[in-house]
Every structure is written in structure tokens, then in C-alpha cells.
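Enquirer: Quick one: sequence and predicted model below, then my questions.
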Amino acid sequence: MGIDEILLDMPAPDAVLSMSDLTSSEKTSQAGVSQAGTSQAGQATSQAPDSAIPETAAPETAGPETAGPVDNAVPHPALTPDLSASLAGISDLEGLRDALVALDGCALKHTASNLIFADGNPGARLMVIGDVPGRDEDRVGLPLVGSDGQLLDRMLASIGLSRADIYIVPLIPWRPPGNRTPTAEEMALLLPFLYRHVQLAAPEMILLLGGVTAKTMLPPGGGILKLRGRWHEIDYGDGTARPTLATLHPAYLTRSPAQKRLAFADLVALAGKLG
């Protein structure tokens, strides 16, 4: 089966968010949140954030077509003493979800329809960190639904995986109102929860989807076309350096089908790492 058959062209959704407001000197970001469940992603009609800024294929040199050497780890986010103690006291994923439900000081939870915690198999070897939730993720309460989720499923199938073999979390647990860009303060509050999510799920390796997520979690290195295709050893705060690979988001592939070969190369590298 050829790459164009595997990564079937889908109707192009609206653009994903820009990273321009998502970075800060403290490397603040967003954390994954929603109810863990079985794969319902292909059943909803997905649209990326309406007001989002396109993640364009900028005039930059693309990264390697095969995964390159390992880069240095990114330090995990600094925690306040209170938050550090609170997160350290959470011993399982159910407790982490409960902590997000009870979280004060984040207005996003009051404007969103659903908490988006996770989907798939919490015990999977591979964790996939998605993007900021959009309208349909908010409606369904699961990450990566609709056409984006269907394309992700095809991508996984191309290397013999399904949602039962992976664990998917969003970058942050709630959809920002009007699909606006999350603030630096919101990301600073939520990123430690994402790191704790990684620690509790304890995957062997992590796949980052899209430029927003890659720029949040990886060392500075340009846009997604430069960041993809390179393995990084990332310490998510528990002293374990986990192999982490960025690739193109399914929504990006529907807008830029010529880049499917790069995504397929990343998938082949991922399959090789998984063995």
C-alpha cells in the first residue's frame, strides 16, 4: 500500500493554533486532560479551532527524512512548592483527573463543555501528545476526534498500531473560549499536570503531534518541518529520559499533502524504535 493510500486525503479542516503566544522564557505550556476512554475519535466530525492561525509550511529546510540523532533533554517545568507537593501526592491517573476537576484558578474549565483527559490504553508503550482541544474535542470530551482522528488512525494502521496500542493526551485539558490561544499563565498552570500525566502513565516513548506541541515540549529549533524527524531524550520530571519524536499533525497533512512522505518517514522510525 502506498503512502497516498495510507494517508488518505481528507477534507481540509480549519488551521491549527500558532505558537507565537505559547512560548515564554520559562518554557511554560499546556497539559493533557479528559476522560480516558476507548477509541471514539473516528465517530465525531472534527474541526480545528475556528479562529486559529495556520501552521504554514514556511520557507525553511525540512528536517531529515529519517529520524536523526538524539538531542539534549528539556528541563521539566519549575513548580511552586504547593503545586509540587500536590502533584507528588497523586499516585494514579484517576487521582490526576480528580485533581484537574478540583483545580482552582483556571478559567478555562468554566468556559469549556468537557474536561479532555485522555483516550486509548493507559498502559501503552507509546503516548501521543496532541494539540490544543478544538470545538469537537470539547463537545465529545476526547482528544483527536473526527477527520483528524480518522487520519491518525490510518497513520497508526500503516505501522500496525491502533488506538488500543497507544495512549493519547491533549496538550491542555480544556478548549479555550472561541478557540483563542491559551495564555502563558494558563500554560504555566497546566503544563505540570501534563508532566505528571507522563510520569504516571510511564510510557516508553512519546510522539508529539504538530508544531504547537513540538515547540512547547522540545528544545528551540524552528518550525515543525525542522523539529520533526529527530529523536530527543526528554526528562518529564521523574529522572527518566524518554525517547520523544515530533511529527506533522493530521490537520497539517490535509492542508499540505506533499508532506505525507515526511510523516510516513517519522512513522517508520517510530515503528523501528518500538520494535
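Expert: Now that the structure is in, tell me what you want to look at.
Enquirer: Surely residue 189 and residue 105 touch.
Expert: Yes - between residue 189 and residue 105 there is a contact at 6.5 Å, judged by C-beta atoms under 8 Å. Every C-beta, even on glycine, is put in place using the N, C-alpha and C of the backbone.
Enquirer: can you pull out the strands in the stretch 151-275 of the chain?
Expert: 166-169, 205-209, 230-235, 241-247 (DSSP state E, counting those that start in this stretch).
Enquirer: Adjacent strands (with direction) for the third one?
Expert: In this case it means strand 230-235. If you go by DSSP bridges, strand 230-235 pairs up with strand 68-71 (parallel), strand 241-247 (antiparallel).
Enquirer: sorry, back to before: tell me which of the strands of the stretch 151-275 of the chain sits most buried.
Expert: Greatest average neighbour count among those goes to strand 166-169 (a mean of 26), per mean count of other C-beta atoms under 10 Å.
Enquirer: counting contacts, what elements does it pack onto?
Expert: Applying 3 or more C-beta pairs under 8 Å, 6 or more residues apart in numbering; DSSP states H and E, one finds that strand 166-169 makes contact with strand 119-120, strand 126-129, helix 184-201.
Enquirer: what comes up buried for the second one?
Expert: In terms of neighbour count (16 or more other C-beta atoms under 10 Å), strand 126-129 has its buried residues at 126, 127, 128, 129.
Enquirer: What of the last one?
Expert: Of the residues in helix 184-201, those buried under the neighbour-count criterion (16+ other C-beta under 10 Å) are 184, 186-201.
Enquirer: Quick one: neighbours of residue 256, just the number.
Expert: Residue 256 has 17 neighbours, counted by other C-beta atoms under 10 Å.
Enquirer: do you know how far it is from residue 105?
Expert: Residue 256 is 38 Å from residue 105, where distance means C-beta to C-beta, to the nearest Å.
Enquirer: rewinding a little: least confident of the strands paired with strand 230-235, on average?
Expert: Out of these, strand 68-71 stands lowest, with a mean of 52 (criterion: mean pLDDT).
Enquirer: any idea which helix or strand comes after that one?
Expert: Once the chain leaves strand 68-71, the next helix or strand it forms, by DSSP states H and E, is helix 81-88.
Enquirer: Can you spell out which helices and strands pack onto that next one?
Expert: helix 184-201.
Enquirer: how big is the angle separating the helix it packs on from strand 205-209?
Expert: 150 degrees (axes from the mean of the first three to the mean of the last three C-alpha atoms, to 10 degrees).
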